[in-house]
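>>> Provide a 3D model corresponding to the input given below.
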Amino acid sequence: MSIFDEIEQDPANKQFTQLGLKPIYNAPTNARIVIIGQAPSLRVQNTGIMWNDASGDRLREWLGVDKDIFYNSGMIGVIPMDFYYPGKSKSG
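This is a model prediction of the structure:
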C-alpha cells in the first residue's frame, strides 16, 4: 500500500475522501529540498494544486524559483501539516 493510499484510507480523512478530495502533497524521491508547511488553504483544496495561493506565491518568491521549477523539476518536495483544508472552526 502506498503512502497516498494510507492517507486516503485513514478514518480521520473519511469526510474528505467521501467528497472525492485527494490528499495534497508532493514527495519526489529525488527532491533536494523538502518543505514542511501549513495545511492547504481552501483554494488549494479546491484546485488540488499545492501552494496555489498567495502564500505559495510568497514562498516561491522567497525561494527564488518560478512555478515551473517549483511544480515540475522534481527537486522540491512539499509535505503539509495536514493533507486537507482544515476549515475555519476552533480546531481548523
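
>>> Off-centre distance for the helix or strand where Asp68 lies?
Following DSSP states H and E, one finds Asp68 within helix 67-72. Put simply, helix 67-72 sits 14 Å off its chain's centre (C-alpha atoms, centre = their mean, to the nearest Å).

>>> Stretch 18-36 now?
Centroid displacement of stretch 18-36 relative to its chain, using C-alpha atoms, centre = their mean, is 5 Å.

>>> low-scoring pLDDT stretches of the protein, where are they?
Applying pLDDT under 70 to the chain flags residues 89-92.

>>> If you count residues, where's the longest helix of it?
Assignment by DSSP state H gives helix 54-63 as the longest helix of the chain.

>>> check contacts around Ile7.
Ile7 is in contact with 13, 23, 83, counting by C-beta atoms under 8 Å, 6 or more residues apart in numbering. Any C-beta I mention is one placed from the backbone N, CA and C, and that applies to glycine too.

>>> Which positions in the helix holding Asp68 come out as buried?
Buried residues in helix 67-72, defined by neighbour count with 16 or more other C-beta atoms under 10 Å: 70-71.

>>> Now do the very next helix or strand once past it against helix 54-63, angle only.
As assigned by DSSP H and E, the chain's next helix or strand after helix 67-72 is strand 76-80. Relative orientation of strand 76-80 versus helix 54-63 (axes from the mean of the first three to the mean of the last three C-alpha atoms, to 10 degrees): 140 degrees.

>>> which parts of strand 76-80 are buried?
Across strand 76-80, burial judged by 16+ other C-beta under 10 Å covers 76-78, 80.

>>> Okay, and Val34 sits in which element?
Per DSSP H and E: strand 33-37 holds Val34.

>>> helices and strands around that strand, which ones?
With contacts taken as 3 or more C-beta pairs under 8 Å, 6 or more residues apart in numbering; DSSP states H and E, strand 33-37 sits against helix 54-63, strand 76-80.
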